[in-house]
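S.K.: Predicted coordinates and the sequence they were generated for:
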Amino acid sequence: MGRERSEREREVISEFLSDYFPERCGNGTQGKLREADGESSDEISDSELGEIESMVDRVEDAFSTSKGTLGLAIDFLMVAEQLSRVDDRLSGFDGSIDRVQILDWYENTAKTTLTPKYDGERFSIRSVHNDVIDLFREDLERTNFPSSPGHHTGEWERYDDLLESSFRLSSAGRFEAAQRIFDLGLEELAARAFDTREPPFPDPLREILNDYERSHPEEEGGLTYQALCYGYVKAKWSHLSFRASKVRTGSSRQHRHGDIDGYYGPDLMLSVEVKDRDILTTNVDSELGTMIELAERTNVVVVAVCKHVDEGAANILDTAGVRVVTDEDIDAELPLWDYHKQNRAIQGMVHFLASIEEDPAAVQRLLRFIQTVDPENPALAHLSGDE
């Protein structure tokens, strides 16, 4: 295989193989043969290399229709290696070993899989296969590796050729075959990819909420907060159509209930009152009395968006059925909003300033701030070059 393993791949494969080939996977070997111990690929004869190459070719041929065959080949190799540690008949390469001889030497103690027994000890391909699945799907991030161990280990008898090759090989040959089969899996199975963006998307609405100056000597008091809340409401309840007016226009004169009313067709579903101030027990009735009455007398969702609400006022509003949203609540909610939802609120805010309040200077002030936190924002097409 032409593909180089990553450091992580070398590490986890070596850790897996060390359970079966401890002397070949010492510290720093990263899955390579330890020539210092007299072990190298040179000890594998040409005949054994031919057996290894044939086995890997058969796994590759079967891979397109059965990815689990790759795991089953590793299962056979590991169980054969385990048996070789207790049975000298598997200590070296023997090209004459076949299925009949294997099943004559070792009693299969399982009905639906291969679990050979030798000298009272059982060696199961199913337990190996469970570890192979975890290795590929979790450690190697090949989530398209089959996750059904019973299906593949239950059909082990269909793969006599792979079984025979695994038992014919020497320990060095099994190690080499396993390495090549792992390389095949890494080559053919796509690693799970995590989509990332560099640079990452900004958090423009959060920046405006926390850092944008809300007051300006040439703007109506409360204008910025009203625009911010309009954008927030428009993004949060995007299925509704909204009515709103300029900040100094009374709701009753415009036949509205709150500062922002949301409709579904002809039906009023949501009414929002915006207060860029602290709501206290002492002023809750004067500031939000109309909304309290609306909540008590209708089934409309009534919301008070406020800078801050003290405990006493919050209890009064909650009892009446008025939902309270503070700056702190919005700030806590925004991490759940992706960039595009935040940007929808930004566009709503710009729309309020430009088309409802009709204040071009306020639009330009906001756009200049957006330029510093979200320089690719499409609204900046309307940024004037004039200060």
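M.R.: That came through fine. Residues are numbered from 1 along each chain as shown.

S.K.: The strand ranked longest in the chain pairs with which strands?
M.R.: Criterion DSSP state E: the longest strand present in the chain is strand 267-279. Paired with strand 267-279 in the same sheet, following DSSP bridges, are strand 260-264 (antiparallel), strand 301-309 (parallel).

S.K.: could you dump the ones you listed to a markdown table with mean neighbour count?
M.R.: Just so you know, the C-beta spots here come from the backbone N, C-alpha and C atoms, and that holds for glycine as well. As requested, these are exported to a markdown table (neighbours: other C-beta atoms under 10 Å):
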| stretch | mean neighbour count |
| --- | --- |
| strand 260-264 | 20 |
| strand 301-309 | 22 |
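
S.K.: Between these, which one is closest to Arg126.
M.R.: Closest approach to Arg126 among the strands paired with strand 267-279 is made by strand 301-309 (56.2 Å; C-beta to C-beta).

S.K.: And the closest one, how far out from the chain middle?
M.R.: Relative to the chain's own centre, strand 301-309 is displaced by 34 Å; criterion: C-alpha atoms, centre = their mean, to the nearest Å.

S.K.: In terms of secondary structure, what does the next helix or strand after it contact?
M.R.: As assigned by DSSP states H and E, the chain's next helix or strand after strand 301-309 is helix 311-320. Using 3 or more C-beta pairs under 8 Å, 6 or more residues apart in numbering; DSSP states H and E as the contact test, the elements touching helix 311-320 are helix 284-297, strand 322-326.

S.K.: In helix 311-320, which residues are buried?
M.R.: Neighbour-count burial for helix 311-320 flags Ala313, Ala314, Ile316, Leu317, Ala320 (criterion: 16 or more other C-beta atoms under 10 Å).

S.K.: So, low pLDDT: which residues of the stretch 51-200 of the chain?
M.R.: When residues are selected by pLDDT under 70, those of the stretch 51-200 of the chain lie in 191-196, 198.

S.K.: And the strands in it?
M.R.: For the stretch 51-200 of the chain, the strands defined by DSSP state E, counting those that start in this stretch occupy 107-108, 116-118, 121-122.

S.K.: Just send these back as TSV, with mean neighbour count and distance to Ala295 too.
M.R.: Listed next are those as TSV, based on neighbours: other C-beta atoms under 10 Å; distance: least, C-beta to C-beta, whole Å:
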stretch	mean neighbour count	distance to Ala295
strand 107-108	13	74
strand 116-118	18	74
strand 121-122	12	70
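
S.K.: Nearest to Phe182, out of these?
M.R.: Closest among the strands of the stretch 51-200 of the chain, once you apply C-beta to C-beta, is strand 116-118, at 23.3 Å.

S.K.: That closest one pairs with which strands, parallel or anti?
M.R.: With DSSP bridges as the test, strand 116-118 is paired with strand 107-108 (antiparallel), strand 121-122 (antiparallel).

S.K.: Adding distance to Val324 as columns, could you present the ones you listed in TSV?
M.R.: TSV is the format used below for the strands paired with strand 116-118 (distance: least, C-beta to C-beta, whole Å):
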stretch	distance to Val324
strand 107-108	70
strand 121-122	65
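
S.K.: Assign a three-state SS to the spatially closest residue to Arg344 that is not a sequence neighbour, would you?
M.R.: Excluding the flanking residues, the one nearest Arg344 by C-beta to C-beta, 6 or more residues apart in numbering is Ala235, at 4.3 Å. Here Ala235 is recorded as helix under DSSP: H, G, I helix; E, B strand; the rest coil.

S.K.: wait, doesn't Ala235 sit right on Asp338?
M.R.: No - at 10.9 Å, Ala235 does not count as touching Asp338 under the criterion of C-beta atoms under 8 Å.

S.K.: Among those two, which residue is more densely surrounded?
M.R.: Legend: neighbour count by other C-beta atoms under 10 Å for Ala235 and Asp338, higher for Ala235 (20 against 10).

S.K.: And that one, how close does it get to Lys341?
M.R.: 6 Å (C-beta to C-beta, to the nearest Å).

S.K.: got it, and Ser66?
M.R.: In terms of C-beta to C-beta, Ser66 sits 44 Å off from Lys341.

S.K.: circling back: the strands paired with strand 116-118: which one's closest to His129?
M.R.: Closest of the strands paired with strand 116-118 to His129 is strand 121-122, at 14.8 Å (criterion: C-beta to C-beta).

S.K.: mind checking pLDDT for Asp37?
M.R.: pLDDT, Asp37: 38.

S.K.: now the strands paired with strand 267-279 as a markdown table including distance to Arg206?
M.R.: Compiled in a markdown table, the strands paired with strand 267-279 are given as follows (distance: least, C-beta to C-beta, whole Å):
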| stretch | distance to Arg206 |
| --- | --- |
| strand 260-264 | 21 |
| strand 301-309 | 16 |
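
S.K.: would CSV of the ones you listed with distance to Ile356 and mean pLDDT be doable?
M.R.: Shown next, in CSV, are the strands paired with strand 267-279 (distance: least, C-beta to C-beta, whole Å; pLDDT from 0 to 100):
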stretch, distance to Ile356, mean pLDDT
strand 260-264, 10, 97
strand 301-309, 16, 96
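
S.K.: Select, out of those, the one closest to Ser6.
M.R.: When these are compared by C-beta to C-beta, strand 301-309 sits nearest Ser6, at 49.9 Å.

S.K.: Next, the angle from the closest one to helix 284-297.
M.R.: Between strand 301-309 and helix 284-297, the angle comes out at 160 degrees (axes from the mean of the first three to the mean of the last three C-alpha atoms, to 10 degrees).

S.K.: Start the count at 299 instead of 1 going forward.
M.R.: Let's use 299 as the start, then, which means that last one is strand 599-607.

S.K.: Strand 599-607 to strand 620-624, inter-axis angle?
M.R.: 40 degrees.

S.K.: got the CA coordinates for strand 599-607 in PDB?
M.R.: Only the C-alpha atoms of strand 599-607 are listed here, as PDB (Å, rounded to 0.1, in the frame of the first residue of the first chain):
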ATOM      1  CA  VAL A 599     -47.800  34.300  23.900                       C
ATOM      2  CA  VAL A 600     -46.800  37.400  25.800                       C
ATOM      3  CA  VAL A 601     -43.100  38.200  26.200                       C
ATOM      4  CA  ALA A 602     -41.300  41.000  28.000                       C
ATOM      5  CA  VAL A 603     -37.800  41.600  26.700                       C
ATOM      6  CA  CYS A 604     -36.000  43.600  29.400                       C
ATOM      7  CA  LYS A 605     -32.500  44.600  30.300                       C
ATOM      8  CA  HIS A 606     -33.000  43.100  33.800                       C
ATOM      9  CA  VAL A 607     -35.900  42.000  36.000                       C
END
